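Turn this into a structure:
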Amino acid sequence: MGRIGVDLYPLQSGVPLDEVTTFGKFLGGSASNVAVAAARLGRRVALVTRTGEDPFGRYLHRALREFGVDDRWVSAVAGLPTPVTFCEVFPPDDFPLYFYRLPKAPDLEIYEDELDLGAIAAARIFWMTGTGLCAEPSRSATLAALASRPAGAGITVFDLDWRPMFWADPDEARPHYAAALAHATVAVGNLDEVEIATGEREPLSAARALLDAGVELAVVKQGPEGVLAMNRAGEVVR
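Residues are numbered from 1 along each chain as shown. This is a model prediction of the structure:
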């Protein structure tokens, strides 16, 4: 459950966006990318999100189906364009993103009363993203989806997915992140994201803070330095 959009990525590497001449069109958005990855691994997976009622929205439906993702809970919002994201490609680790989600992204127009809470509760794994917490009605819908998950049943993953351009103030995000962490069994985020969620940036301290917030497994992404994971038993994998 979460973000979807069209990624327009340069077909030239190491070229600034103002000089790029050709782009490729791809399905994007963190939740959508995870859904596609799960489908590629042979899992049965569905996505809860919304697109614009436009050609890009139709493209995303087609792409999801081609990847084997169930799109029955992907609906269109009249009057809002499907988001587009541009990226600059500077290997090995510099990929600035430029989001075009105005006047509002359709995936923030998910309403609680439109959710199939039974399907969400029954899922072996439910994956949601921090972007869904940045505005209403998506915020309330996302928290309702989390609350519908039975205690001790299945895995609930909170992809912290912090994007500063979606929030007026970092402090505004912290209470909503805390509310979501209370329902999650796994938290996944990079150094910027775990700092927003916990106030900690050092990977081990951030992982401990995420565990203290209620999750059973904390995954801290560190870019070129790799990934650190810690569980409640204190076991650490790098």
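
Count the neighbours of the spatially closest residue to residue 195 that is not a sequence neighbour for me.
Using C-beta to C-beta, 6 or more residues apart in numbering and skipping the chain neighbours, the partner closest in space to residue 195 is residue 201 (4.5 Å). C-beta here means a position set from N, CA and C on the backbone, and glycine is covered the same way. Using other C-beta atoms under 10 Å, residue 201 is surrounded by 13 other residues.

Phi and psi next, for residue 201.
Residue 201 adopts backbone torsions of phi -110, psi -30, taken as degrees, to the nearest 10.

Could you do residue 182 as well?
Dihedral pair for residue 182: phi -60, psi -20, per degrees, to the nearest 10.

Neighbours of it, how many?
14.

now it: how far from residue 6?
Separation of residue 182 from residue 6 (C-beta to C-beta, to the nearest Å): 33 Å.

per-residue confidence for the nearest residue to residue 47 once chain neighbours are set aside?
Nearest non-adjacent residue to residue 47, counting by C-beta to C-beta, 6+ apart: residue 35, 4.6 Å away. Confidence at residue 35, expressed as pLDDT, is 98.

Contacts only, for residue 35.
Counting by C-beta atoms under 8 Å, 6 or more residues apart in numbering, residue 35 makes contact with 45-47, 64, 67, 69, 127.

The nearest residue to residue 70 once chain neighbours are set aside: how many residues sit nearby?
Closest residue to residue 70 apart from its sequence neighbours, by C-beta to C-beta, 6+ apart: residue 46 at 3.7 Å. Residue crowding around residue 46 was assessed by other C-beta under 10 Å; the count is 19.

now the strands for this structure?
With DSSP state E as the criterion, the chain has strands at 5-10, 23-28, 49-52, 74-77, 84-87, 97-100, 125-129, 155-159, 186-190, 217-221, 227-231, 236-237.
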